[in-house]
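Student: Have a look at this prediction, sequence included:
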Amino acid sequence: MLNSKIAVVGAGVSGLAAAVSLVERGFENITLFEARREAGGRTRSWLDPATGDVLDNGQHLLIGCYRATLAYLESIGSLKQLERRRLSLDFHESGASTSRLELQNQGKPAVNLLGAVWKSDLLSFKEKCAATWLGIAIHGSAVRNARSHSAIELFKKFRQPDRLIRRLWEPIVLATINAPIHEASAELFINVFREAFLSGPDASDLLIPSCGLSELLVQPAIDFIATRGVHIRRSTPVRSIEHSSGSFLLKFDGGEENFESVIYSNTAKEPLPERIRSSIPEFQFSPIVNAYFWLDRRVLSGPIHAMVGTTLQWVFPKASQYSAQRLALTVSAAGALSEKSNQEIEDVLWNDLKMAIPQMKNVRLLTSQIVREKRATPLFTYTVQRLRPSTKSSIPRFYFSGDFVQNGLPATIEGAIRNGYAASAALLNEISHSTSNE
């Protein structure tokens, strides 16, 4: 049974999770295809020769509710690379003092969140009341018809003041869904809110890696599956998958090969069997712009800073071998910004920092790097959210994984790993069921 010949197409985190799970379930005949030379998809890192620092291709936030991610890291042996901290956010806005939102995690999750909101000076009394009303509605399942609404429609329905939306809700939507609030699915926002703030006392904890994403998520997984017999074919894009007589013919650069089962972890529709190609909706993609700034002095402490009223959205202070401090900067849903030159992007983000953070006034920028991901994540509007396909396709033993698969979450590391695990479990269930009926 477990000698079924399986192809996993795509070695992003979802494909890697699927392969890890298959190995753990006892499968022995697995081939992992990756079009690029490097595995990891958009979760990868590299050593910057100019500074000696390890840089991620973008800042990915890991939090305590990422149960599948934690299980995956435990399996591949890199869980020890995470440091857990209570959630603490500093909000910076030009002309305003810095505000802090900090969860103490001393009681029930909903109480922790409400306590943090009411203790913070981020919002006015009226705004705190409105935020509490929405939080209670989400906690008590009083929100209805969310599948047919955008995030902004949800906020307006619950009479959230514009300043509250701008200072609290919009940053959360941008950071998690990578979509403007007038396009982002309200259902996804609600699910993120419930998981991050209401699912457990440690759900909102920050999980901070002590290494780059490749060392945390990718290379340990490659080592894990390679030592257990998985055949890894890098620089081998799968050009087409044909289904006939209960098997799948994969055609790739340099050859072709038959498999009994397939887990497909890419977003491209072109290689798919024609019978199921139409089950994948047409996606638009939302870009993210990331930047690294090396400073001549240490300016910020704490793990994460939110920017209000600027193009720049998030700032993550990092240690550096090259300078006193390195700042990782992130702008989600960055359509217009991603079209600018590197110098223009640097100017915008540098001016935003100086405008919102008084300590930046006399700081000197030593060097910078700009990282664009123009196809960072699918744009999950409420319409597209409803159309996301399930793990199981209409073809026996063909399963979907990756960002576009329906799991109720945005395109996050956690969602990708959950989908990889789900595809592996579903394939095992189908093979076991078919074997028991023989």
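Tutor: Happy to help now that I have it. Numbers count the residues shown, from 1 in each chain.
Student: ok, which stretches of the stretch 1-150 of the chain are helices?
Tutor: 13-24, 67-76, 109-119, 125-139 (DSSP state H, counting those that start in this stretch).
Student: Now do the last one against helix 109-119, angle only.
Tutor: Angle, helix 125-139 to helix 109-119, by axes from the mean of the first three to the mean of the last three C-alpha atoms, to 10 degrees: 170 degrees.
Student: Show me what helix 125-139 is packed against.
Tutor: Judged by 3 or more C-beta pairs under 8 Å, 6 or more residues apart in numbering; DSSP states H and E, helix 125-139 is in contact with helix 109-119, helix 162-164, helix 186-198. No exception for glycine: its C-beta is placed from N, CA and C like everyone else's.
Student: Likewise for the second one?
Tutor: Using 3+ C-beta pairs under 8 Å, 6+ apart, the elements in contact with helix 67-76 are helix 13-24, helix 219-226, helix 413-436.
Student: among those, which gets the worst mean confidence?
Tutor: Looking at those, the lowest mean pLDDT belongs to helix 413-436 (a mean of 90).
Student: pLDDT score assigned to residue 105?
Tutor: What the model reports for residue 105 is a pLDDT of 67.
Student: shaky segments in the stretch 51-200 of the chain?
Tutor: Across the stretch 51-200 of the chain, the ranges flagged by pLDDT under 70 are 105-107.
Student: Buried deepest among the helices and strands packed on helix 125-139, which one?
Tutor: Highest mean neighbour count of the helices and strands packed on helix 125-139: helix 186-198, a mean of 22 (counted as mean count of other C-beta atoms under 10 Å).
Student: quick one on the thing from earlier: among the helices and strands packed on helix 67-76, which is the most enclosed?
Tutor: helix 13-24 (a mean of 28).
Student: just to revisit the earlier point, among the helices of the stretch 1-150 of the chain, which is nearest residue 229?
Tutor: Closest to residue 229 of the helices of the stretch 1-150 of the chain is helix 13-24 (C-beta to C-beta; 7.9 Å).
Student: residue boundaries of the helices in the stretch 301-438 of the chain?
Tutor: Counting by DSSP H, counting those that start in this stretch, the stretch 301-438 of the chain has helices at residues 335-338, 342-356, 382-387, 413-436.
Student: hmm, back to that, turn the helices of the stretch 1-150 of the chain into a markdown table, including distance to residue 187.
Tutor: Formatted as a markdown table, the helices of the stretch 1-150 of the chain follow (distance: least, C-beta to C-beta, whole Å):
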| stretch | distance to residue 187 |
| --- | --- |
| helix 13-24 | 21 |
| helix 67-76 | 20 |
| helix 109-119 | 20 |
| helix 125-139 | 11 |
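Student: Let me know which of these is the nearest to residue 346.
Tutor: Proximity to residue 346, assessed across these by C-beta to C-beta, is greatest for helix 13-24 (29.3 Å).
Student: about what we covered before: any idea which of the helices of the stretch 1-150 of the chain gets closest to residue 246?
Tutor: Smallest distance to residue 246 across the helices of the stretch 1-150 of the chain (C-beta to C-beta): 19.4 Å, for helix 13-24.
Student: got the angle between that closest one and helix 67-76?
Tutor: Orientation of helix 13-24 against helix 67-76 (the same axes, to 10 degrees) gives an angle of 50 degrees.
Student: And helix 13-24, what does it pack against?
Tutor: Based on contacts counted as 3+ C-beta pairs under 8 Å, 6+ apart, the elements that helix 13-24 packs against are strand 6-9, strand 30-33, helix 67-76, helix 219-226, strand 261-264, helix 413-436.
Student: okay, the angle between the lengthiest strand in the chain and helix 342-356?
Tutor: If you go by DSSP state E, the chain has its longest strand at strand 365-378. Strand 365-378 runs at 100 degrees relative to helix 342-356, counting by the same axes, to 10 degrees.
Student: on that earlier part again, turn the helices and strands packed on helix 125-139 into JSON lines, columns for distance to residue 95.
Tutor: Formatted as JSON lines, these follow (distance: least, C-beta to C-beta, whole Å):
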{"stretch": "helix 109-119", "distance to residue 95": "22"}
{"stretch": "helix 162-164", "distance to residue 95": "14"}
{"stretch": "helix 186-198", "distance to residue 95": "28"}
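Student: Of all these, which one comes closest to residue 151?
Tutor: Nearest of the helices and strands packed on helix 125-139 to residue 151, taken as C-beta to C-beta: helix 186-198 at 4.8 Å.
Student: And residue 386, how far from residue 188?
Tutor: As judged by C-beta to C-beta, to the nearest Å, residue 386 and residue 188 stand 11 Å apart.
Student: looking at it, residue 86 is touching residue 100, isn't it?
Tutor: No: with contact defined as C-beta atoms under 8 Å, residue 86 does not count as touching residue 100 (11.9 Å).
Student: Now do the closest residue to residue 202 other than its chain neighbours: how many residues are near it, please.
Tutor: Leaving aside its chain neighbours, residue 202 sits nearest to residue 64 (4.4 Å; criterion: C-beta to C-beta, 6 or more residues apart in numbering). Counted with other C-beta atoms under 10 Å, the neighbours of residue 64 add up to 22.
Student: swap in the one 3 residues further on?
Tutor: Using other C-beta under 10 Å as the criterion, residue 67 is surrounded by 15 other residues.
Student: how about it, what does it touch?
Tutor: Going by C-beta atoms under 8 Å, 6 or more residues apart in numbering, residue 67 touches residue 414.
Student: Residue 320: how many residues sit nearby?
Tutor: Residue 320 has 19 nearby residues by other C-beta under 10 Å.
Student: Identify the residues contacting it.
Tutor: If you count contacts by C-beta under 8 Å, 6+ apart, residue 320 has them with 51, 53, 294, 326.
Student: one step back: with distance to residue 365 as added columns, please give the helices and strands packed on helix 13-24 in JSON lines.
Tutor: Listed next are the helices and strands packed on helix 13-24 as JSON lines, based on distance: least, C-beta to C-beta, whole Å:
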{"stretch": "strand 6-9", "distance to residue 365": "42"}
{"stretch": "strand 30-33", "distance to residue 365": "41"}
{"stretch": "helix 67-76", "distance to residue 365": "34"}
{"stretch": "helix 219-226", "distance to residue 365": "32"}
{"stretch": "strand 261-264", "distance to residue 365": "43"}
{"stretch": "helix 413-436", "distance to residue 365": "30"}
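Student: So for residue 395, which of those sits nearest?
Tutor: Here strand 261-264 is closest among those (C-beta to C-beta), at 8.6 Å.
Student: Which SSE is immediately downstream of that closest one?
Tutor: Once the chain leaves strand 261-264, the next helix or strand it forms, by DSSP states H and E, is helix 274-277.
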